[in-house]
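**Q** Need a 3D model of the following:
(4 chains)
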2 protein chains.
Amino acid sequence: MGDDPSGTAERVLLEAAALFQEKGFAAASTRELGDRLGLRGASIYYHFKSKEELLYRIYVRSMTTIRERVDEVIDPALPAKERLRAMAHRHVVTVLTNRDLHSPIDLQRLAPEWRADILRRRREYEQLFLDQIAAAQNDGTLRSDISAEMLMLSLFNLMNWTILWYSPNKDQAADDLAEAFFTVFLEGTQAAPACGQRK
Amino acid sequence: MGDDPSGTAERVLLEAAALFQEKGFAAASTRELGDRLGLRGASIYYHFKSKEELLYRIYVRSMTTIRERVDEVIDPALPAKERLRAMAHRHVVTVLTNRDLHSPIDLQRLAPEWRADILRRRREYEQLFLDQIAAAQNDGTLRSDISAEMLMLSLFNLMNWTILWYSPNKDQAADDLAEAFFTVFLEGTQAAPACGQRK
DNA sequence: CCTACTGCCTATCATGCGCTAGGTAGAAAT
DNA sequence: ATTTCTACCTAGCGCATGATAGGCAGTAGG
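**A** Predicted coordinates:
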């Protein structure tokens, strides 16, 4: 039970993530969710206390899994910049290959305590990236004339908007996108500048 | 009537944009929208045929206004890179100072023809940026080893995700963010590279 | 055999929804 | 003076929703 991938609760959670992503939280009904699982809508309430709790659990799952997936590639032996590269790559690929789970759904619909919990987890996750960025600034590989905070926001902007337009059928592989975004993040897009251009 | 900024239809449109952004399209009711305007919910239907049409009109307004605002700063006398800088700056500032209108709301809930219309307008808008990027690649100011399409996606990623976390009270001014993002887009984030590093 | 528990079911409740029908006060037009 | 139009109103229809209550088949333990 619980985390058993074949358990019903788990199936409900994953199917709910898919349904919420398709139709939005408010427009998705428990009955339709049941239909997709071969259940009656009311049976959902045996596994979850409310539709809102389901949304909360999806968010928790999203944050914990992406954190796990990114933790896997953090190699302390690598220089900070390369750690960051590996983390960014893993982040993009994870998000794009699991769009149901990681799509931004009505976070605002969550009760304040639950929302605060999710936001706290998000900040913890962002801190992981912030730490590497600050380290790379300290060892001189990343520019320091822009704050680490700002660099992190830029990186997440680059990585996260993708999920709203990405279509695995017609767009490039997630792997290629991840690489291109990080190249832009590191090198920028202007043609190779002359020496010493930036003070 | 119509575009008169004091006209009721206009007030409904703007208030609906705010309400939809706050609660989501499905969770926002016409009655609540009416309450905010000093109307009964049913009176909305004198000005709009359906709630869905309201959502469509909001999207149309979003696309036309941002296009107008960006068109204003396109100066053919400038080099392509500077045109692009001005456009990106105007885009970010416009979006962040008018979040109700430009927040991404359930586009998927729109009927297919309406959705297709909005997507067509979006592509036209993106084309504006794509043209400048291609021009800047041709005159040698932007790198050509990454496709213009990919560079455009990177730029929009950088610019657009912001609206989902930006809070005008506690975050930097939209103006500063716009500048920082474009700097990252152009120059990247690594410390000034040695000469001829990029092939 | 009995009991208890699990995991679902059916039936139902109260509520709120989008939207329509029909009315009406006041202004404008004839 | 009469008609028409505008911009709202009230009342309410039909329906879907989240959630609850209670039942019931199947399994496991004693």
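**Q** Closest approach to chain B from chain A, which residue is it?
**A** Distances between chain A and chain B by Cβ to the nearest Cβ are smallest at A:Gly188, namely 3.1 Å. To be clear about C-beta, it is placed using only N, CA and C from the backbone, and glycine gets the same treatment.
**Q** what residues are up against that residue?
**A** B:Val184, B:Phe185, B:Leu186, B:Glu187, B:Gly188, B:Thr189 (Cβ atoms under 8 Å, 6 or more residues apart in numbering or on different chains).
**Q** Same question for A:Ala191.
**A** Contacts of A:Ala191 (Cβ under 8 Å, 6+ apart): B:Gly140, B:Thr141, B:Leu142, B:Arg143, B:Ser144.
**Q** mind running it again at 7 Å?
**A** Each residue near A:Ala191 by Cβ atoms under 7 Å, 6 or more residues apart in numbering or on different chains is listed here: B:Gly140, B:Thr141, B:Leu142, B:Arg143.
**Q** Looks to me like the first one is in a strand.
**A** Just to be clear, that refers to B:Gly140. No. B:Gly140: not assigned to a strand; according to DSSP: H, G, I helix; E, B strand; the rest coil it is coil.
**Q** Now do it against B:Leu164, distance only.
**A** 35 Å (Cβ to Cβ, to the nearest Å).
**Q** Compare these two (neighbour count), which wins?
**A** B:Leu164 (15 against 11; other Cβ atoms under 10 Å in any protein chain shown).
**Q** Just give the nearest non-adjacent residue to that one, would you?
**A** A:Pro104 (6.5 Å; Cβ to Cβ, 6 or more residues apart in numbering or on different chains).
**Q** So the one you found, which state does it fall into?
**A** Under three-state DSSP, A:Pro104 comes out as coil.
**Q** what's the neighbour count on it?
**A** 14.
**Q** residues touching A:Thr30, list them.
**A** A:Gly41, A:Ile44, A:Lys51.
**Q** now those as TSV including distance to DNA strand D, pLDDT and secondary structure?
**A** Converted to TSV, the contacts of A:Thr30 look like this (distance: Cβ to the nearest atom of the strand, whole Å; pLDDT from 0 to 100; DSSP: H, G, I helix; E, B strand; the rest coil):
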residue	distance to DNA strand D	pLDDT	secondary structure
A:Gly41	6	83	helix
A:Ile44	8	96	helix
A:Lys51	4	97	helix
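**Q** If any of the residues you listed are buried, give me the ChimeraX selection for them.
**A** Remark: buried members of the contacts of A:Thr30, expressed as a ChimeraX selection using 16 or more other Cβ atoms under 10 Å in any protein chain shown:
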select /A:44,51
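**Q** Present the contacts of A:Thr30 as JSON lines; the columns should include distance to chain B.
**A** Output for these, formatted as JSON lines (distance: Cβ to the nearest Cβ, whole Å):
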{"residue": "A:Gly41", "distance to chain B": "17"}
{"residue": "A:Ile44", "distance to chain B": "18"}
{"residue": "A:Lys51", "distance to chain B": "12"}
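**Q** In a markdown table, list the contacts of A:Thr30 along with distance to B:Ala136.
**A** Listed next are these as a markdown table, based on distance: Cβ to Cβ, whole Å:
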| residue | distance to B:Ala136 |
| --- | --- |
| A:Gly41 | 54 |
| A:Ile44 | 53 |
| A:Lys51 | 49 |
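**Q** where are the low-confidence patches of chain A?
**A** A:1-6, A:193-199 (pLDDT under 70).
**Q** which bits of it sit near DNA strand D?
**A** Contact residues (Cβ under 7 Å from any atom of the strand) of chain A with DNA strand D: A:Ala28, A:Ser29, A:Thr30, A:Arg31, A:Glu32, A:Gly41, A:Ala42, A:Tyr45, A:Lys49, A:Ser50, A:Lys51, A:Glu52.
**Q** Any chance of the backbone angles for the second one?
**A** In this entry, A:Ser29 is assigned phi and psi values of phi -100, psi 150 (degrees, to the nearest 10).
**Q** How about the residues of chain A by chain B?
**A** Contact residues (Cβ under 7 Å from any Cβ of the partner chain) of chain A with chain B: A:22, A:24-27, A:104, A:106, A:108-109, A:140-143, A:146, A:150-151, A:154, A:156-158, A:160-162, A:164, A:180-181, A:184-192, A:195-196, A:198.
**Q** sorry, back to before: quick check, nearest of the contacts of A:Gly188 to A:Arg85?
**A** A:Arg85 lies nearest to B:Thr189 out of the contacts of A:Gly188, by Cβ to Cβ, at 11.7 Å.
**Q** Now the buried members of the residues of chain A next to chain B.
**A** Buried among the residues of chain A next to chain B by 16+ other Cβ under 10 Å: A:24-27, A:106, A:109, A:141-143, A:146, A:150-151, A:154, A:156-158, A:160-162, A:180-181, A:184-191.
**Q** Can you tell me which of those residues end up in helices?
**A** Secondary structure defined by DSSP state H assigns A:150-151, A:154, A:156-158, A:160, A:180-181, A:184-187 of these to helices.
**Q** And those, which two are furthest apart?
**A** A:Met150 and A:Ala180 (21.3 Å).
**Q** List just the nearest of the residues of chain A next to DNA strand D to A:Pro168.
**A** After measuring those against A:Pro168 - Cβ to Cβ - the closest member comes out as A:Ala28, at 22.0 Å.
**Q** Look up how far A:Ser62 lies from the closest residue to the closest one other than its chain neighbours.
**A** Closest residue to A:Ala28 apart from its sequence neighbours, by Cβ to Cβ, 6+ apart: A:Leu19 at 4.6 Å. Per Cβ to Cβ, A:Leu19 is found 15 Å from A:Ser62.
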